[in-house]
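1. Predicted coordinates and the sequence they were generated for:
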Amino acid sequence: MAMNPTAIFDLAEVVLACLCAELEATAAVVEGQPGCPERSCVVPGTAAWDDCDGACEGLGKCGQLTVNVARIYPSTNFPAVDQTVLGLRGCTPPPTTAAEFVITLLRCTPTLNDEGCPPSCEEIAASAKVVYTDMATVANALTCCLPGTAPRGRRFVLGQSKILGPDGGCVGVEQRVTVAIPGCYACPSEESP
């Protein structure tokens, strides 16, 4: 069976909504933690680093949250890549498509001041606290939310999380997750010419 043509995009939007909800919940209980950035979107490829400029004074809701897909591949034994040759008679396509999502959460971070002096250790530590809290929050959001995105649960593998930057006033987290998308969409009938 093939997959629904909008299954990947639909899941990306659900993941984005789950992440924003968890970021807001964390901000409500962790003093000084910003919530979901105002710029939050599903993007078609690697996200540009935006919204970490002078508008971000105070490290509030600046930065951005993006979800994109790095790759998709067939998988009979999820999360392994299926290498079965297709197109032969009696050859059944793999029942699952694996989609590797990349979540990127960028926040503003202190930089050199107008006199060229570096930020204080206290400012840097405050930025680190925000980023490390974001790292845990993103992992928690995926772990808690993804199973509920399908009627009987959803299989996924939480990948690596890493710190991005700081660079150009931005610092952030990249989290990867590979999700099983079952084939439940009938292929169009093929007519012989």
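-> That came in fine, so what should we check first?
2. Tell me the predicted confidence for the residue most central in space within the chain.
-> Nearest residue to the geometric centre of the chain (C-alpha atoms, centre = their mean): Ile103, 2.0 Å. What the model reports as pLDDT for Ile103 is 98.
3. and if you look at the one 3 residues further on?
-> At Leu106 the predicted local confidence, pLDDT, stands at 94.
4. Give me the contact list for the helix or strand hosting Tyr132.
-> Using DSSP states H and E, Tyr132 maps to helix 121-145. If you take C-beta atoms under 8 Å, 6 or more residues apart in numbering as the criterion, helix 121-145 is touched by 14-15, 18-19, 21-23, 26, 30, 32-34, 59, 103, 105, 107, 109-110, 119, 156, 158, 161, 163, 166, 171-173, 175, 177. The way it works is simple: take the backbone N, C-alpha and C, and place the C-beta from them, glycine included.
5. can you pull the contacts of the closest residue to Ala98 other than its chain neighbours?
-> Excluding its sequence neighbours, the residue lying closest to Ala98 (C-beta to C-beta, 6 or more residues apart in numbering) is Ser75, at 4.3 Å. Going by C-beta under 8 Å, 6+ apart, Ser75 touches Val81, Asp82, Pro94, Thr96, Thr97, Ala98, Ala180.
6. again with Thr26
-> Gln33, Gly35, Thr133, Thr137.
7. and the third one, how many neighbours does it have?
-> Residues contacting Thr133 under the criterion other C-beta atoms under 10 Å number 18.
8. Then the last one?
-> Using other C-beta under 10 Å as the criterion, Thr137 is surrounded by 22 other residues.
9. Next: the second one.
-> Counted with other C-beta under 10 Å, the neighbours of Gly35 add up to 16.
10. Next, give phi and psi for it.
-> When read as degrees, to the nearest 10, the backbone of Gly35 gives phi -80, psi -150.
11. Need the distance between the two termini of stretch 113-123.
-> 12 Å (C-alpha to C-alpha, to the nearest Å).
12. per-residue pLDDT, the closest residue in space to Cys18 that isn't next to it in sequence?
-> Leaving aside its chain neighbours, Cys18 sits nearest to Cys145 (3.5 Å; criterion: C-beta to C-beta, 6+ apart). Note for Cys145: predicted pLDDT of 92.
13. and if you look at the one 3 residues further on?
-> In the prediction, the pLDDT value recorded for Gly148 is 88.
14. and it, how far is that from Pro166?
-> 34 Å (C-beta to C-beta, to the nearest Å).
15. more crowded one of the two?
-> Between Gly148 and Pro166, Pro166 has the larger neighbour count (other C-beta under 10 Å), namely 20 against 11.
16. Now that one: phi and psi?
-> The phi/psi pair for Pro166 (degrees, to the nearest 10) reads phi -70, psi 150.
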